[in-house]
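In: Structural data only, the sequence is not supplied:
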């Protein structure tokens, strides 16, 4: 799984102007089953995306298609982790738990 931290590198006015395109892109990734959660950082300095497990190269290629990235409005940091324990509601996402059942 990955946690993607998006950090704004442009004024909020530019971020907001491109927000509809970014939201449409995010929605497409949910429809494809790739994203699990997303939202704004508090304070509003960027965003956070939690993804399903996938090859890192696939994620990097996907992130490059984000309109915010294409327009140079954000930089992202990708954190990869293997969930070894989850809440019951997330058990389907935890590969380690699934393998032990």
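Out: Now that the structure is in, tell me what you want to look at. Note that this is a predicted model, so its numbers are computed, not measured.
In: Make sure residue 6 is actually in contact with residue 76.
Out: Yes - using Cβ atoms under 8 Å, residue 6 makes contact with residue 76 at a distance of 5.1 Å. Yep, even glycine has a C-beta here, placed from its N, CA and C like the rest.
In: So for the two, which residue has more residues nearby?
Out: residue 6 (24 against 18; other Cβ atoms under 10 Å).
In: Show the contacting residues for that one.
Out: With contact set as Cβ atoms under 8 Å, 6 or more residues apart in numbering, residue 6 has these partners: 46-49, 68, 74-76.
In: what helix or strand does the residue most central in space within the chain sit in?
Out: What sits nearest the mean C-alpha location of the chain, by Cα atoms, centre = their mean, is residue 49, with 2.5 Å. Counting by DSSP states H and E, the element that carries residue 49 is strand 46-51.
In: repeat for residue 20
Out: Residue 20 belongs to helix 12-31, assigned by DSSP H and E.
In: Packing partners of that helix?
Out: Counting contacts by 3 or more Cβ pairs under 8 Å, 6 or more residues apart in numbering; DSSP states H and E, helix 12-31 packs against strand 35-40, helix 67-70.
In: buried sites along the last one?
Out: This means helix 67-70. 67-69 (16 or more other Cβ atoms under 10 Å).
In: ok, now stretch 70-82?
Out: In stretch 70-82, counting by 16+ other Cβ under 10 Å, buried: 73-74, 76.
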